[in-house]
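J.: Provided below for reference: sequence and predicted model.
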Amino acid sequence: MISGAEVPLNSTKPIQHKIVVNHPGEKESLTIILNQNVDENGLPTEYYMDVQSVICLEQVCKVIPVRIFWNNLGEYQRYKLENGATLEKYEDAIFDPEDYPKLHSILANIASPFKDVYIDEILTVVDDESDAISGATALELDEEDTVPGAALTCYTLWHWANGEIVQKIKEITGKSVSEQQLKVFLGDENQAYFNIALGDLERRKNYKTPFINRITERVLEEKSLLKSTFDYLEKSPSSIYFSATKEVFVKGETAHKLAAIRSLKSISYKTDNSYLDILSNEFSKLKTYQEVSFMLDLMQSKNPNSKKVVENVFPLLKADFIKARRGYWFLKNQNLSAEQNEILNSFKRSNKSLL
């Protein structure tokens, strides 16, 4: 164990979590201990874990323990070594003083090229004549992306710092806090907290009105949260789902309306025709062709031949032509009255060459 564990003043020892993770350099899943520090209110403040500095398949590497630290969002913060310990490069060379801060920068770079490579591309090449490990690797890296001579160490530690552990930490953070703190998370300007809250509210099967109201308010302000919001709403009871989806659709911008329609098209809940009839009142407020087309697809698949929908679609024939044409082809497949058929035929005669 590395000395110098950092724990909060009000805590005697960290909370330990036994978790299973995969590291791309290992053939099998590993069971590890993740340590969690919390403040006086029980809110997670920091996580740390001890790992080996390098995955060494040739059994010729110097392996030392490295302690990696994350914040409660699973974002890498720093690493720490035992007092007097040094990291090693190939051929017994040790890290230079400037290599240590460089390794920190590499681990902090979530867009590192190590993200998308395989360990076979990192492993040094065995020299058949000397049976030694040469400095050559199967992967060429820019100098700023690795510590020269220590690509395997960088690869090993980068995947510990930025791999599956990140999501595990987010899940533990969500499980560790109270409902009141989850409500705070929903309003935090950092969207990562919003998504942590959604994930654990879903795990708790918590779809209480105060949470639903805060979630819909937030997603109406930030459309980048639409996917995670609908992932959550689609697990909620049907009455809550339909109410919240309607609010997002009616009050939202184009992105919100499209997301709501996509969800309504795919949801397994039975959608009442009366509900869709009410939504069709919004046809006159749809601004883009994509909104109109998506909405018509929804009505065709889940509420065909609705008199209310037909009534609300007819005004589209007087909209800009691309929307009018889309409305025309929708109406062609509906049950129309004699008067409505005459209006549709008149539109056809006027625009025959364009249809």
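T.: That came through fine.
J.: and the helices in the stretch 151-300 of the chain?
T.: Remark: helices assigned in the stretch 151-300 of the chain by DSSP state H, counting those that start in this stretch are 151-162, 165-176, 179-187, 191-203, 209-221, 226-233, 238-251, 254-266, 273-280, 289-302.
J.: and the ones you listed, which is most packed in?
T.: Ranked by mean neighbour count under mean count of other Cβ atoms under 10 Å, the helices of the stretch 151-300 of the chain are led by helix 151-162, which reaches a mean of 25. No exception for glycine: its C-beta is placed from N, CA and C like everyone else's.
J.: give me the contacts around it.
T.: For helix 151-162, the external contacting residues (Cβ atoms under 8 Å, 6 or more residues apart in numbering) are 23-25, 49, 51-56, 61, 66, 68, 70, 76, 79, 87-89, 103, 106-107, 110, 112, 114-115, 117, 119, 122-124, 137, 139, 141, 146-147.
J.: show me those that map onto helices.
T.: Within those, residues falling in helices by DSSP state H are L103, I106, L107, I119, I122.
J.: so who does the first one touch?
T.: So the one you mean is L103. Counted by Cβ under 8 Å, 6+ apart, L103 has contacts Y79, L87, F95, V147, A150, T153, C154, L157.
J.: how about a cut-off of 10 Å?
T.: By Cβ atoms under 10 Å, 6 or more residues apart in numbering, L103 lies in contact with V66, Y79, L87, F95, T146, V147, A150, T153, C154, L157, W158.
J.: T146 versus that one, what's the distance?
T.: 9 Å (Cβ to Cβ, to the nearest Å).
J.: same check, this time on the last one
T.: When distances are taken as Cβ to Cβ, I122 and T146 turn out to be 9 Å apart.
J.: likewise the third one?
T.: Look at L107 and T146: by Cβ to Cβ, they are 11 Å apart.
J.: show me where pLDDT drops low in this structure?
T.: 1-12, 56-61, 123-140 (pLDDT under 70).
J.: so where do the strands sit in the stretch 1-150 of the chain?
T.: For the stretch 1-150 of the chain, the strands defined by DSSP state E, counting those that start in this stretch cover 15-21, 30-38, 44-52, 65-70, 76-81, 124-127, 132-137.
J.: in the second one, which residues are buried?
T.: Buried residues in strand 30-38, counting neighbours by 16 or more other Cβ atoms under 10 Å, are found at I32, L34, N35, Q36, N37, V38.
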